[in-house]
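Colleague: could you work out the structure for the sequence below:
(chains A, B, C and D)
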There are 4 protein chains.
Amino acid sequence: MRERLHTVIFGTSTRAGKNFDLVLLFIILASVLIVLLESMPSMRARYGEELSIAEWGFTIVFSIEYLIRIWISPKPLRYIISFWGIIDIVSIIPTFISPFITGSHSLAAIRALRLLRIYRILKLSRFTSESQMLLQSLRASYYRIMVFMFFVVMMMILAGTAMYVIEGGENGFESIPASIYWAIVTTTTVGYGDITPTTGLGKILSSIMMILGYVIIAVPTGLISVEIAKQRGHVINDNECDACGHDNPSGSVYCNQCGKEMTNT
Amino acid sequence: MRERLHTVIFGTSTRAGKNFDLVLLFIILASVLIVLLESMPSMRARYGEELSIAEWGFTIVFSIEYLIRIWISPKPLRYIISFWGIIDIVSIIPTFISPFITGSHSLAAIRALRLLRIYRILKLSRFTSESQMLLQSLRASYYRIMVFMFFVVMMMILAGTAMYVIEGGENGFESIPASIYWAIVTTTTVGYGDITPTTGLGKILSSIMMILGYVIIAVPTGLISVEIAKQRGHVINDNECDACGHDNPSGSVYCNQCGKEMTNT
Amino acid sequence: MRERLHTVIFGTSTRAGKNFDLVLLFIILASVLIVLLESMPSMRARYGEELSIAEWGFTIVFSIEYLIRIWISPKPLRYIISFWGIIDIVSIIPTFISPFITGSHSLAAIRALRLLRIYRILKLSRFTSESQMLLQSLRASYYRIMVFMFFVVMMMILAGTAMYVIEGGENGFESIPASIYWAIVTTTTVGYGDITPTTGLGKILSSIMMILGYVIIAVPTGLISVEIAKQRGHVINDNECDACGHDNPSGSVYCNQCGKEMTNT
Amino acid sequence: MRERLHTVIFGTSTRAGKNFDLVLLFIILASVLIVLLESMPSMRARYGEELSIAEWGFTIVFSIEYLIRIWISPKPLRYIISFWGIIDIVSIIPTFISPFITGSHSLAAIRALRLLRIYRILKLSRFTSESQMLLQSLRASYYRIMVFMFFVVMMMILAGTAMYVIEGGENGFESIPASIYWAIVTTTTVGYGDITPTTGLGKILSSIMMILGYVIIAVPTGLISVEIAKQRGHVINDNECDACGHDNPSGSVYCNQCGKEMTNT
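Modeller: Okay, the predicted model is just below:
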């Protein structure tokens, strides 16, 4: 029986395994919906009782599932301390603790982590293949984007400091961190409007920052686009040095930047 | 006569057919303008009478057109229950019902669906060809964008939940759904400013989200750009597996992801 | 003398011609600065006199330049009714009329059109070449972007109408045009926050629109990027049909969309 | 000893040199954090004493480092007047002056320039190579982006002027510069909402500007993407004229724009 349960819970090839995943997916989505609704004061006031019952039902289902997973695991301890094992237990516990602690909305919110469990269920080959492709594109341009972000963050800190000096506390720029927050809100073009420049010089500096941000946003787009094009089979010569990441002309034997021998030529 | 009307209404090759389309285009645009103006309180107060007369005029024209379309259709019922047939009737009815129901501005707004009828008229070969190309680019990257959106939406839900815990109701983050709405407004860089973080920790988390959103926006741009480049004749090797969508190296006989035989090599 | 003036004013090859352009550029920039400063109430209050004198000085210089341009033109009338001739006269007149009309700030603002004259002066070969390249990229993707915009504008009108029905006048969505304005502000991610959804359904629809807008913004970027890549010498096969604009596979003799013979194969 | 210090401070090959860089990096980050915290009124009130002591500690460390750098420099004067020499002294001085000037928060903020010193420490070959690549991409498209920006800024000035005429001072568009600031905030999609159009005509013009800005943002993205693709080894024929920057068809002997002989064919 333990073996059969293993096939149903971990496998996707059998009919039972597929149905189990589908039912679990539905239960997870429903339980996350309950978490969202429970956080709304109007819903809690009107349907508090019903939501609480539903939540307990889902928690019991998840608890049984958790215990079965431990039972059927070849190495139970390894599952318990694994990433998914921790997610599983952490998204059950809050319901059991809640009766003893009053008014702990933070605790209840933790159950939203159940959402992550969806990813485990989506074992569809196409979904996996595409998400792998996307992650690969991001991973390949990760270092480049980090270097770019280093300059952007430095610019934001210095621009924020300059605005703090120019505008001062009476216009909302009450500290350097607050001004850096403003610089981030502005450069990323979010523009809440909770802090806005009021002095002439402040407006001029902001304008320059906005126009710069407008151009600078093109850089990560370019970096990732090229990486996606590469992943999708575009003809790009791949002569990156493994040691320093420099792109060398095709046919290079030694990296022209760090001098190490190229392995992929 | 029925046949001649068919040529005029459905055809575009004859002079009469082209003129009919042009007149209909003008009438649709004018009638939509009337719908817009009628919804403005100041306009309704001053020109209510005139707008009402114009609206009745357009409705009668559209009703006659609708009846003719039924009459000349080889299969009238099929036209009536078709997408365009439903759009046609739904955008006429509100005017006929309005005298019996008072103050129903929702009903009047439905007539804006007339706008969709423009698309049917634009049978220009270049317009069709270009819109086909755009739709093709979107359709080809549809699954990829959905996978990407899956991660973005999950990130938005978890970030929204975290902000609900950090900021709490007194700062506008009154429920998890409200916080998720804030996360969407922030990550897409819309940034209304109706809900903004006020605590230090909230501002730090928002800043991280904004910078992440700034980079993440590059992904759909990259996906679609590559697809458009492909549509426009760029040299990309097309070795996508029909079964799982994985891109294989050129010359592959079996998909290296799902093992199925490749059909397009 | 008329001939020498012609070389100075229209030519760029002589030293005098270059100096004339440089001086004129400086005068235009200075005069536009005066227009900007004059519009500021605080500046007008303090330096009103000085600004007025400077403005009259610049106007006299531009008037003399205008008269000389007429005089040295081989066909004076053609210059007067040309685009640049109209810009020249329109940016002089307001100063002459202003003493007779009081408080006409609109009239004064017209002089900002002087700014356009800078473009005429920038006859630098590299500037011309690059701006030609940019315009060419935009022109080549013009029709495609228009088709795309057709769908975007239709979506904005229908989404605006839906929000008008959902939110209604009491929440700021007081008419369909106002709601369309909100839809434009939202989809383009500007997000002023002057009108924001307040009902639950309104927030859900807005969220969907923002996420859609987030993806849709990728389309013009892709269209223009591909066009720029083409301009910059990327290997793209150019088999666009001259008649309908459809991209055909390389080696096509007839367009596979409209059937016309291809001229560029 | 002077020689040994030189190896430690300027070199990265020895163990001591690497450790020195790591310690310095940590000290710089900690000292910048102190500058940020000191600017926050709540922090200054509670930990003013401790922050001041820490600041003096860091300043003494930096002063000693500065003196050593002068001492071990082969040409001390050249170091003092170099970019990094000036950054070094300017980020120390404020602490020494502060006791004599009261309430000078601007002076204290200057110390944030210490942040720039991080860049000098990051001598990692990969970081240098990647940042070089990014700068190269920006430099290569610099002129193009400037030409593009010329048109964008002209559009912003003219649109700002038009809005000043349409909306006028009572709606927040109190001067042409204020309206240009609004045009920048709008076109870059920042959208603070501190100034928003209120008249119908103003809303129509803004809507057009937003939609235009939506398309126009694609241009720098395209320019930089193509440049990054080129840097990353994409097959692009490089037939740019050195004299005027025009892209010529491959195999050109003379630039077809300015007629100068091509050097890179």
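Colleague: what's around A:Glu49, how many residues?
Modeller: A:Glu49: 8 surrounding residues under other C-beta atoms under 10 Å in any protein chain shown. Every C-beta, even on glycine, is put in place using the N, C-alpha and C of the backbone.
Colleague: which residues touch the residue of the stretch 51-200 of chain A found nearest chain C?
Modeller: Proximity of the stretch 51-200 of chain A to chain C (C-beta to the nearest C-beta) peaks at A:Gly193, 5.8 Å away. If you count contacts by C-beta atoms under 8 Å, 6 or more residues apart in numbering or on different chains, A:Gly193 has them with B:Gly191, B:Gly193, C:Tyr192, C:Gly193, D:Gly191, D:Tyr192, D:Gly193, D:Asp194.
Colleague: ok, A:Ser225 next?
Modeller: Here A:Ser225 is in contact with B:Ala218, B:Thr221, B:Gly222, B:Ser225, B:Val226, C:Ser225, D:Ser225, D:Ile228, D:Ala229 (C-beta under 8 Å, 6+ apart).
Colleague: sort out which residues of whatever helix or strand it lives in are buried, please.
Modeller: Assigning secondary structure by DSSP states H and E places A:Ser225 in helix A:218-231. The neighbour-count check on helix A:218-231 (16 or more other C-beta atoms under 10 Å in any protein chain shown) flags A:218-231 as buried.
Colleague: dump the C-alpha coordinates for it into PDB.
Modeller: Backbone C-alpha positions of helix A:218-231 (Å, rounded to 0.1, in the frame of the first residue of the first chain) are rendered in PDB as follows:
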ATOM      1  CA  ALA A 218      16.700  49.800 -22.100                       C
ATOM      2  CA  VAL A 219      19.800  48.100 -20.800                       C
ATOM      3  CA  PRO A 220      18.300  45.000 -19.000                       C
ATOM      4  CA  THR A 221      15.800  44.700 -21.800                       C
ATOM      5  CA  GLY A 222      18.700  44.500 -24.300                       C
ATOM      6  CA  LEU A 223      20.700  42.100 -22.100                       C
ATOM      7  CA  ILE A 224      17.800  39.700 -21.600                       C
ATOM      8  CA  SER A 225      16.500  39.900 -25.200                       C
ATOM      9  CA  VAL A 226      19.900  38.900 -26.500                       C
ATOM     10  CA  GLU A 227      20.000  36.000 -24.100                       C
ATOM     11  CA  ILE A 228      16.500  34.800 -25.100                       C
ATOM     12  CA  ALA A 229      17.400  35.100 -28.700                       C
ATOM     13  CA  LYS A 230      20.400  32.900 -28.000                       C
ATOM     14  CA  GLN A 231      18.300  30.300 -26.100                       C
END
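Colleague: one step back: so which of the contacts of A:Gly193 are in strands?
Modeller: Under the assignment DSSP state E, the contacts of A:Gly193 contribute nothing to strands.
Colleague: neighbours of A:Thr188, how many?
Modeller: 26.
Colleague: doesn't B:Thr187 make contact with it?
Modeller: No: using C-beta atoms under 8 Å, A:Thr188 makes no contact with B:Thr187, being 9.8 Å away.
Colleague: how far off centre is the longest helix seen in chain A?
Modeller: As assigned by DSSP state H, the longest helix anywhere in chain A is helix A:41-72. The chain centre lies 25 Å from the centre of helix A:41-72; the measure is C-alpha atoms, centre = their mean, to the nearest Å.
Colleague: which strands or helices does it pack on?
Modeller: Taking 3 or more C-beta pairs under 8 Å, 6 or more residues apart in numbering or on different chains; DSSP states H and E as contact, the helices and strands that helix A:41-72 lies on are helix A:2-10, helix A:15-38, helix A:76-80, helix A:83-90, helix A:93-97.
Colleague: what's the closest of the ones you listed to B:Met146?
Modeller: helix A:15-38 (15.7 Å; C-beta to C-beta).
Colleague: which residues of the stretch 51-200 of chain A lie near chain D?
Modeller: A:143-144, A:147-148, A:150-151, A:154, A:157-158, A:161-162, A:164-165, A:168-169, A:174-178, A:180, A:186, A:189-193, A:196, A:200 (C-beta under 8 Å from any C-beta of the partner chain).
Colleague: can you tell me the centre-most residue of chain A?
Modeller: A:Leu116 (10.3 Å; C-alpha atoms, centre = their mean).
Colleague: OK, contacts around that one?
Modeller: A:Leu116 neighbours (C-beta under 8 Å, 6+ apart): A:Ile87, B:Met154, B:Leu158.
Colleague: only whichever of those residues are buried, select them in ChimeraX.
Modeller: Filtering the contacts of A:Leu116 down to the buried ones (16+ other C-beta under 10 Å) takes a single ChimeraX command:
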select /A:87 /B:158
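Colleague: redo the contacts of A:Leu116 as a markdown table? Include pLDDT.
Modeller: Listed next are the contacts of A:Leu116 as a markdown table, based on pLDDT from 0 to 100:
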| residue | pLDDT |
| --- | --- |
| A:Ile87 | 92 |
| B:Met154 | 92 |
| B:Leu158 | 94 |
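Colleague: among the contacts of A:Gly193, which two are most distant?
Modeller: B:Gly191 and D:Asp194 (12.6 Å).
Colleague: so between the two, which is more surrounded?
Modeller: Between B:Gly191 and D:Asp194, counting by other C-beta under 10 Å, B:Gly191 is the more crowded of the two (30 against 19).
Colleague: how about the more buried one, nearest residue that isn't a chain neighbour?
Modeller: Nearest residue to B:Gly191, sequence neighbours excluded (C-beta to C-beta, 6 or more residues apart in numbering or on different chains): A:Val190, at 3.7 Å.
Colleague: what's the separation between the one you found and B:Thr199?
Modeller: Using C-beta to C-beta, to the nearest Å, A:Val190 is found at 18 Å from B:Thr199.
Colleague: so which of these two has more stuff around it?
Modeller: Shown here are A:Val190 and B:Thr199; by other C-beta under 10 Å, A:Val190 has more neighbours (31 against 14).
Colleague: so that one touches B:Ile211, yeah?
Modeller: No: judged on C-beta under 8 Å, A:Val190 makes no contact with B:Ile211 at a distance of 10.2 Å.
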